[in-house]
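1. Next input, structure requested:
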Amino acid sequence: MMKSAVIRQLFLDFFKAKGHVIVPSAPIVVKNDPTLLFTNAGMNQFKDYFLGNKLAPATRIADTQKCLRVSGKHNDLEEVGVDTYHHTMFEMLGNWSFGDYFKAEAIAWSWELLTEVYKIPKDRLYVSVFEGDEKEGLPPSKIALNEWKKIVAEDHIVYGNKKDNFWEMGDTGPCGPCSEIHVDMRPDSERAEIPGRLLVNKDNPQVIEIWNNVFIQYNRLKDGSLVPLPSQHVDTGMGFERLVRVIQQKQSNYDTDIFSGTIEATEKITGKKYINGDDKQSIAFRVLADHIRAIGFTIADGQLPSNTGAGYVIRRILRRAVRYYYSYLDYKQPLLFQLLPVIAVQFENVFPELQQQQEFVSKVIKEEEEAFLRTLDKGLKKMDSIMATASGKTISGADAFELLDTFGFPIDLTRLIASENNLTVDEQGFEAEMKQQKDRSRAATTLDTEDWQVVNEGNQIGFVGYDSLETKTKILRYRKVKGKGKELYQLVLEQTPFYSESGGQVGDTGVISINNDQLVISNTKKENDLIIHFTEKIADDMNGEATAVVDRHRRAQICVHHSATHLLHAALRQTLGTHVAQKGSLVNDEHLRFDFSHFAKMTDQEIAAVEKTVNEKIRENIPVVIRSMPKEEAIAMGAMALFGEKYADEVRVVIIDPAYSIELCGGTHVGSTGQLGFFKIKHESAVAAGVRRIEAVCGSAAEKMISEQFELAHAIREALKNPKDIVKSIESLLSENNTLNKRIESLEARQLVGIRNELMQKDEIISNVSFIGDIVEVPNADALKKLCFDLKNHIHDHLVVLCANIGGKANVAISISDTVVAAKKLDAGKIIKEHVSKLINGGGGGQPSLATAGGQDVSRLKEVIDTVRSLLSNNQ
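-> Model prediction:
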């Protein structure tokens, strides 16, 4: 059996022999493309070449690219592992032509590789061509059809519509017809009954697409029209996992050697067997084998799990895997991190970054698993609470959504637990909640971008701001963008001194002067490799010479903080150990933020040692030397590169004493370390599992902070009547305050006992339940809760609603005994949310047995009590 590693290498060798340059995979996490969180196709890293923003380094390129998809056709996260051929992370083998060869060569070579190198039987292959589209004015792909007819029997050629055989990058941009290659993996007996051509693109799991040849020849404009591109390109993609399945003659991607090692490791860890079925246990094995790859490689490329953006996607994937092994493999402790060594070794020669960071990635995954296992346990308790108060034997859509959104319970798990308890789930309500969330998310990120308006033909020469902060230039194009209620313009200059946001350094601001108009530049960013300047208005006449000027003072302060991050990075490695690696940064004119790998809180002594080292280097006034050199030469001399960053063959190296700090960096810097003045750490904290964060200031920002601290100390001393020892004076005040607080607490406790006794005299029986409802005078909201707890110990089968006007704000607490919660299906949290919050113009929540609320309207507290009383009265 041909191994997957051999299959991959044969692809690369084949196209290398055809004159292609083999390039490495881009990081799976996208940095400079506002339309993407992750690389989701092989062509992503080449978008600028297709868009004409940049010249390709070679006209023929091939690679294998790490990709990640969790949405779209066949890629919904909840479906991965349920079938046997879709994945979150996958490899995309691809070959590209940028204005070089076109349809004839691409078609001939794809057939040659599949049939002569990989020896896939020709009679199992079917090809599709674009049938044309009258509405779009697109003709059929006659050239592709004629090329296929030279090598394929006509009954193995199918015609596809625009949906299947016309590829588009997005709503706008380069696009063109495509020609797919499908393979029929069915047994001969089934093939004899139904020809494979009838099952192409019909979602048959055994008749699948393995290669797509896209012929990019049009550009889609904002108005929907198509215009021919000046040069034609080829963009092909072949799913590696599917290809291996076909060559190794397996019925499932998970049966190939790409996944079998991970599945075997899972069997050993859990003591369970994988049987490749449709049962939940089999799905769990597939989910783990798939998800560990997505989780491991994204973290290795610099994306940590979090609650927003790309980090949230990774957290969702990880939590789904945890939930599967917890529920269906009966494994109640971290498991995923134990699988990491398997894939690290498996991919060491093709994607080495995972093995190089194995210890770090493993610790991050383990801590995420431990945190979610605790959340999962809370979720099961929440599920019990929901079931205890479920109305009409149905779990509401809102509750099912809360279980998913807060506790990571997918709908199938909620459905399973509900059915085991003779309950159903309001599926329509759940879908409505999901749609609302997606709509909110889409609305928050939607950016309406108009077409580029070309002012001057030509390509962007690039950035000249390393050497000059002012330059003569011209505007090449501009466009209007709308988003989040704002309307801005984006400008592209022929050459620019404005640094675009990258590598943690913020974008420059400044002014562009043209034809007596001043365009204030509020930000500068990159879209792929195109430098874009943001402004609120454009000139009446955009033609002619323009002068671009960067805000010098702001840039100088940014340079100070960027150079300081290099000194800080080296000092951290010197103080804490060489395991320290940069995991993120923010550099602006006010401060710096530096994230780094380390698994313990820094001690005060370690922080002081780092500050001491950095300030010593500042006083030494070391020249900051910047050189350009080949990447291999830079790495050989010890330059530090960041994982997850894409570097060109020629790199920029920043050297601050070759024995101290050498880093690859495209940012802007000071001329010598003395310009930093003084360095001071403000905070050190945790960001994520295994990642710490330092916030610091340098230069004039450090002077300002020290001055503010002295002013604060002076103000405190004056407030304390200028004591000799300010610390002792504060300690004495704290001690006195503590003593007084204890006295107050003692008096309040006595007061609450008196109030409790009075309330117990107001007990009334409603529907066989002891009901107490009253407006009381208490010092704070916590006192209301204490009263509820106290009454709970003295009254059985009760419902208590207590209200108070505290400082002009309405406060409410509701307590319901567990017996009443179960018997009457009453939920204090729901009563607060659905009834009380509206009455007092506020909000709140809690558990079924105890919940609280706060609001603005104190005039309706009696109405709150009457409302809760009627809920109990009507519940017979």
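2. What's the separation between the residue of the chain positioned farthest from its centre and I772?
-> Distance to the chain centre peaks in the chain at Q761, reaching 56.9 Å (criterion: Cα atoms, centre = their mean). From Q761 across to I772, the span is 10 Å (Cβ to Cβ, to the nearest Å). C-beta here means a position set from N, CA and C on the backbone, and glycine is covered the same way.
3. same thing with G296?
-> 56 Å.
4. More neighbours: the two, which one.
-> G296 (28 against 22; other Cβ atoms under 10 Å).
5. I'd say the more buried one and E353 touch.
-> No - with contact defined as Cβ atoms under 8 Å, G296 and E353 do not form a contacting pair (9.8 Å).
6. Would it be right to say that Q490 lies in a strand?
-> Yes - counting by DSSP: H, G, I helix; E, B strand; the rest coil, Q490 is found in a strand.
7. so the closest residue to it other than its chain neighbours is in which element?
-> Spatially, and ignoring its direct neighbours in sequence, Q490 is nearest to I532 (4.7 Å; Cβ to Cβ, 6 or more residues apart in numbering). Here I532, judged by DSSP states H and E, is contained in strand 530-535.
8. what are the ranges of the strands in the stretch 651-800 of the chain?
-> Assigned by DSSP state E, counting those that start in this stretch, the strands in the stretch 651-800 of the chain fall at 661-664, 679-688, 691-698, 764-766, 769-775, 798-806.
9. Now these in a markdown table, please, with extra columns for distance to L93.
-> Formatted as a markdown table, these follow (distance: least, Cβ to Cβ, whole Å):
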| stretch | distance to L93 |
| --- | --- |
| strand 661-664 | 28 |
| strand 679-688 | 33 |
| strand 691-698 | 33 |
| strand 764-766 | 72 |
| strand 769-775 | 69 |
| strand 798-806 | 66 |
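10. Out of those strands, flag the one nearest P723.
-> strand 679-688 (26.5 Å; Cβ to Cβ).
11. Now the closest one - C-alpha only, PDB.
-> Output of strand 679-688 as PDB, limited to C-alpha atoms (Å, rounded to 0.1, in the frame of the first residue of the first chain):
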ATOM      1  CA  PHE A 679      11.700  51.200  30.500                       C
ATOM      2  CA  LYS A 680       9.000  50.300  33.100                       C
ATOM      3  CA  ILE A 681       6.700  47.300  33.400                       C
ATOM      4  CA  LYS A 682       3.100  48.200  34.400                       C
ATOM      5  CA  HIS A 683       1.500  44.800  34.600                       C
ATOM      6  CA  GLU A 684       2.200  41.100  34.300                       C
ATOM      7  CA  SER A 685      -0.800  38.800  33.900                       C
ATOM      8  CA  ALA A 686      -2.200  35.600  32.400                       C
ATOM      9  CA  VAL A 687      -3.700  35.700  28.900                       C
ATOM     10  CA  ALA A 688      -4.400  32.000  28.200                       C
END
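12. now the angle between strand 691-698 and it, please.
-> Strand 679-688 runs at 160 degrees relative to strand 691-698, counting by axes from the mean of the first three to the mean of the last three Cα atoms, to 10 degrees.
13. so how far is A804 from the residue farthest from the centre of the chain?
-> Distance, Q761 to A804, using Cβ to Cβ: 19 Å.
14. for the protein, which helix is longest?
-> Secondary structure assigned by DSSP state H gives helix 726-760 as the longest helix of the chain.
15. what about L413, helix or strand, and which?
-> Counting by DSSP H and E, L413 is part of helix 411-420.
16. Just the mean pLDDT for the following helix or strand past that helix, thanks.
-> Once helix 411-420 ends, the next helix or strand along the chain (criterion: DSSP H and E) is strand 424-425. For strand 424-425, the mean pLDDT works out to 92.
17. and what of stretch 509-528?
-> 93.
18. do stretch 862-876 as well
-> Taken as a whole, stretch 862-876 has a mean pLDDT of 90.
19. Next, the buried residues of it.
-> Buried residues in stretch 862-876, counted by 16 or more other Cβ atoms under 10 Å: 864-865, 867-869, 871-872.
20. Turn those into a markdown table, columns for secondary structure.
-> Listed next are those as a markdown table, based on three-state DSSP:
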| residue | secondary structure |
| --- | --- |
| V864 | helix |
| I865 | helix |
| T867 | helix |
| V868 | helix |
| R869 | helix |
| L871 | helix |
| L872 | helix |
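21. now, among those residues, which is nearest to V127?
-> Among these, and counting by Cβ to Cβ, the member closest to V127 is L871, at 67.5 Å.
22. closest to L221 out of the strands of the stretch 651-800 of the chain?
-> Across the strands of the stretch 651-800 of the chain, closest to L221 is strand 661-664 (Cβ to Cβ), at 38.4 Å.
23. Tell me the helices and strands packed up against the closest one.
-> helix 552-576, helix 631-636, strand 650-656 (3 or more Cβ pairs under 8 Å, 6 or more residues apart in numbering; DSSP states H and E).
24. who's in contact with the helix holding L413?
-> 78, 323, 327, 383, 387, 395, 400, 403-404, 424-425, 427, 430 (Cβ atoms under 8 Å, 6 or more residues apart in numbering).
25. Please apply the same query to stretch 699-716.
-> Contacts for stretch 699-716 (Cβ under 8 Å, 6+ apart): 557, 560-561, 589-591, 675-680, 682, 697, 726, 730.
26. farthest pair in those residues?
-> Maximum pairwise distance in those, criterion Cβ to Cβ, is 38.0 Å, between Q675 and I730.
27. So if I had to pick from the two, which one is more boxed in?
-> Q675 (17 against 13).
28. Touching, the more buried one and V560? I think so.
-> Yes - counting by Cβ under 8 Å, V560 is a contact partner of Q675 at 6.5 Å.
29. before we move on, the earlier item: just the buried members of the contacts of helix 411-420?
-> 323, 327, 383, 387, 395, 400, 403-404, 425, 430.
30. V183: which of those residues is nearest?
-> R323 (33.9 Å).
31. Quick check: pLDDT value at the closest one.
-> The confidence metric pLDDT takes the value 87 at R323.
32. which residues touch it?
-> 376, 408-410, 413.
33. can you check H553 too?
-> Contacts of H553 by Cβ under 8 Å, 6+ apart are D589.
34. residues touching S767, list them.
-> By Cβ under 8 Å, 6+ apart, the neighbours of S767 are 824, 872-873, 875-876.
35. so how far is I814 from it?
-> When S767 is compared with I814 (using Cβ to Cβ), they lie 16 Å apart.
36. can you check T394 too?
-> To I814, T394 is 24 Å away according to Cβ to Cβ.
37. So for the two, which residue has more residues nearby?
-> Ranked by neighbour count (other Cβ under 10 Å), T394 and I814 place I814 first, with 29 against 14.
38. Wait, that one touches H835, no?
-> No - applying Cβ under 8 Å as the test, I814 and H835 come out as separate, 9.8 Å apart.
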